[in-house]
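Student: predicted model and sequence below, questions to follow.
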Amino acid sequence: MKAARQLRTFVAIFTFQSLLIPALQAQVAGFLSPDTICTNQLVNITNTTTGGSTFYWNFCSGNSLSNPVGINIGNPGNLLSIPGYITLVKDGNICYSFITTHSSNSVVRYNHGVSFSNNPISWTSLGNFGIISDTVQGIRIRFDNGQWFGFVNDNNRIVRLNFGTSLANTPAASVLGPYPMLYSSHGLEILNESGTWVGFITCTWGNKLIRLNFGNSLLNTPVLTDLGTIGFLNMPSTFCIIRENNTWYAMVVNYGDNTLTRLTFGNSLLNNPTGVNLGIVCPSIIAGGIALIRDCNNTVGFQLNSSLSSSDLTWRLNFPSGITGPVTGESLGNIGVMSQPLRFSELFRMGDTLFLYATNRQNATITWLLFPPCNNAAVQSSVLFTPPTFSYDQPGTYNIQLIVNEGMSNQTSFCKNIVVINQPSDLYIDTILCYGTPWYAGGVWQTQPGIYLDTIHVGGSCDSIIHTNLSFKPEIPVSLGKDTILCDGPPIILQTEVTSAMYQWQDGTDDSTYTVSAPGNYWVIVKKDGCTASDSIHISTCVSPLWFPNVFTPNGDGTNETFHPVGKGVVMFSILIFDRWGMKVFESNSIEPGWDGRNNGEMCSDGVYMFIATYEMDESSGEKYHAKGSVTVLR
């Protein structure tokens, strides 16, 4: 059977495989099996598959809930210099990894042969194609209409790489952009949703998410949409997109405050998402790469800690009730000799093994994590329609996976978890939780105190009853009030009125009050007695009668050469303009002719500048207006 398994054609199962290559569904895979059993208890499976000609069963496939094995494979070819983002892709029988390098702004291609468990057998620096001039960040490789395409992004541009029919080819590169709405672009993802290619880019300094719509072909020029700051994005960097129960979600890493933001798109990635900031899920972490997978009907994630001083460098993100429920972080330590790990690849399933690669910034190396098949099943695999009876000799959570018509165009699969426990006795659980924290007891998620009973039906003497005595700590009453506006006058003081607590505001300050002198989104996390609560408020500015442009192009072409507001009836006006270091570059007491992009006769560099303006209108009865904002110089 092992030899037969080795002769089978391995087919890579991507996290998003159902979107990349629509299956020609001529059958539906399925089976019935118990949810929970005891060790050494015999398991019988009923195959409910309709149709299908070949069947492959694995009762111990790689499981993302198990602890991975890690190996550092060094710097093959010595081509990595500050490695950044990484992606894994399989072209036919050949496995490739592609890595962006920050120091040389180039892309490196590694050939791993027939398995991602191999060290690279060859490597190539694809260079910067003569067009990547700023720090290269995200990378994704996709197959569309018989051709392989790669995409990388730098500060405000996207570079498309056309490999043709093989990833072994040297790609032709072309530039998309520059796009003014991109500012310090970082993470990149591109997916196919029902024939439409949709991409997303995070802007770290812009604190926003940008959507790319390529339409029906990756050869098209994408249409960009600024989705703005959603879910308290704070220097967003890497992110992952996943589909759960026909709903699209994204989990975004906020480098600015080490929090996670969950975005919900609904049934289409073309919808505008809503966002929720989940706070700091993994404590003592410098937010690094993130990866998510739907593994056997469970959502599981992993996050990197890009710290030079901590040993907790790899964290597993657990979603016990799905991605919309509570999320907890579980430290897996330092696996695979990581050193300031920066980014994760996708989670990539190949046969019965799950792979996850990571780049190490400090020593310019690669670490791969392997979730191998286990050896605890009495029968490892089968190719029969009805598999033989089997059992497990150790407790744990195992994957039972069925692949029907593997390697064919109508391949389909079904996976189910089975929990194996030791012979239990009557179990008593006393637990005190933070207010509102759900706990599964009595067959449902509970949020009220009480005593709950659960019976674990696993057959015969393996049944047991769990007595759970559940109580909750008092609610932390955090409220910043309703959304409001900020006009001329004293600043707004935000306070929570929670005594004997610790506070964390959106900018990292920890006072019990916060003084607001500018409009924006503000939030606070309050920690007390081991529990946390949070609230947020949006403070808007008074509407200005003048319109201030956000970009101008002093390039001598006679169009949009100066920056000044637009409006009528101004009787008094003054403006100050500063660069990003706070140095004044322009001052004037009149609207026109405005700023020509120079400072003391010298042309200023392209970039974002801040302005402060004060003015009166002929109908304002002496009332002064104040305006603050930014303007981009673009030539």
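Tutor: Yes, it's here.

Student: all contacts plus neighbour counts: C-alpha atoms, from now on.
Tutor: OK.

Student: need the contact list for residue 270.
Tutor: By Cα atoms under 8 Å, 6 or more residues apart in numbering, the contact set of residue 270 is residue 198.

Student: name the helix or strand for it, please.
Tutor: For residue 270, there is no helix or strand it lies in under DSSP states H and E.

Student: ramachandran coordinates for it?
Tutor: Backbone torsions for residue 270, taken as degrees, to the nearest 10, come to phi -80, psi -10.

Student: touching, residue 96 and residue 112? I think so.
Tutor: Yes - the criterion here is Cα atoms under 8 Å, and residue 96 meets it with residue 112 at 5.8 Å.

Student: comparing these two, which residue is more hemmed in?
Tutor: residue 96 (23 against 19; other Cα atoms under 10 Å).

Student: host element of that one?
Tutor: Per DSSP H and E: strand 94-101 holds residue 96.

Student: the following helix or strand past that strand: how far from the chain's middle?
Tutor: The element immediately downstream of strand 94-101 (helix or strand, assigned by DSSP H and E) is strand 106-111. For strand 106-111, the separation from the chain centroid amounts to 23 Å (computed by Cα atoms, centre = their mean, to the nearest Å).

Student: show me what strand 106-111 is packed against.
Tutor: In terms of contacts (3 or more Cα pairs under 8 Å, 6 or more residues apart in numbering; DSSP states H and E), strand 106-111 is packed against strand 94-101, strand 122-127.

Student: so which of these gets nearest residue 344?
Tutor: Comparison of the helices and strands packed on strand 106-111 against residue 344 by Cα to Cα identifies strand 94-101 as nearest, at 10.7 Å.

Student: residues touching stretch 103-122, excluding its own?
Tutor: 73, 76, 79-82, 93-101, 123-129, 132-136, 350, 355, 370.

Student: what's the domain layout of this protein?
Tutor: Per automatic domain parsing, the structural domains of the chain span 2-61+381-421, 78-371, 432-472, 484-541, 551-633.

Student: which of those is buried the deepest?
Tutor: Most buried of those by mean neighbour count (mean count of other Cα atoms under 10 Å) is domain 78-371; its value is a mean of 20.

Student: got the end-to-end distance for that domain?
Tutor: 27 Å (Cα to Cα, to the nearest Å).

Student: next one: it to chain centre, how far?
Tutor: What separates the centre of domain 78-371 from the centre of its chain is 8 Å, taken as Cα atoms, centre = their mean.

Student: how about stretch 494-502?
Tutor: 32 Å.

Student: with stretch 627-635 instead?
Tutor: 30 Å.

Student: follow-up on the earlier one: and the strand holding residue 96 with strand 122-127, angle?
Tutor: With axes from the mean of the first three to the mean of the last three Cα atoms, to 10 degrees applied, the angle from strand 94-101 to strand 122-127 works out at 40 degrees.

Student: direction included, what does strand 94-101 pair against?
Tutor: strand 83-91 (antiparallel), strand 106-111 (antiparallel) (DSSP bridges).

Student: now the ones you listed as TSV including mean pLDDT?
Tutor: Shown next, in TSV, are these (pLDDT from 0 to 100):
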stretch	mean pLDDT
strand 83-91	96
strand 106-111	97
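
Student: please produce JSON lines containing these, extended by distance to residue 263.
Tutor: Below are the strands paired with strand 94-101 laid out as JSON lines (distance: least, Cα to Cα, whole Å):
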{"stretch": "strand 83-91", "distance to residue 263": "21"}
{"stretch": "strand 106-111", "distance to residue 263": "30"}
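
Student: nearest to residue 388, out of the ones you listed?
Tutor: So among these, strand 83-91 is nearest, using Cα to Cα, at 32.8 Å.

Student: give the contact list for residue 496.
Tutor: 477, 478, 479, 480, 512, 513.

Student: mind putting those in TSV, distance to residue 380 included?
Tutor: Below are the contacts of residue 496 laid out as TSV (distance: Cα to Cα, whole Å):
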residue	distance to residue 380
477	53
478	53
479	55
480	57
512	58
513	60
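
Student: which ones among those residues are found in strands?
Tutor: Among the contacts of residue 496, DSSP state E puts residue 513 in strands.

Student: can you name the two of the contacts of residue 496 that are farthest apart?
Tutor: Maximum pairwise distance in the contacts of residue 496, criterion Cα to Cα, is 14.9 Å, between 477 and 513.

Student: quick revisit: of the domains of the chain, which is nearest residue 67?
Tutor: domain 78-371 (7.1 Å).

Student: which residues in the stretch 151-300 of the chain form strands?
Tutor: 158-164, 172-176, 185-193, 196-203, 208-215, 223-226, 236-244, 247-254, 259-266, 274-279, 287-295, 298-305 (DSSP state E, counting those that start in this stretch).

Student: that older thread, export the contacts of residue 496 as TSV, with columns for pLDDT and distance to residue 176.
Tutor: Shown next, in TSV, are the contacts of residue 496 (pLDDT from 0 to 100; distance: Cα to Cα, whole Å):
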residue	pLDDT	distance to residue 176
477	90	49
478	90	46
479	88	45
480	88	43
512	89	47
513	90	46
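
Student: for residue 494, see how far away residue 484 is.
Tutor: Taking Cα to Cα, one finds residue 484 at 11 Å from residue 494.
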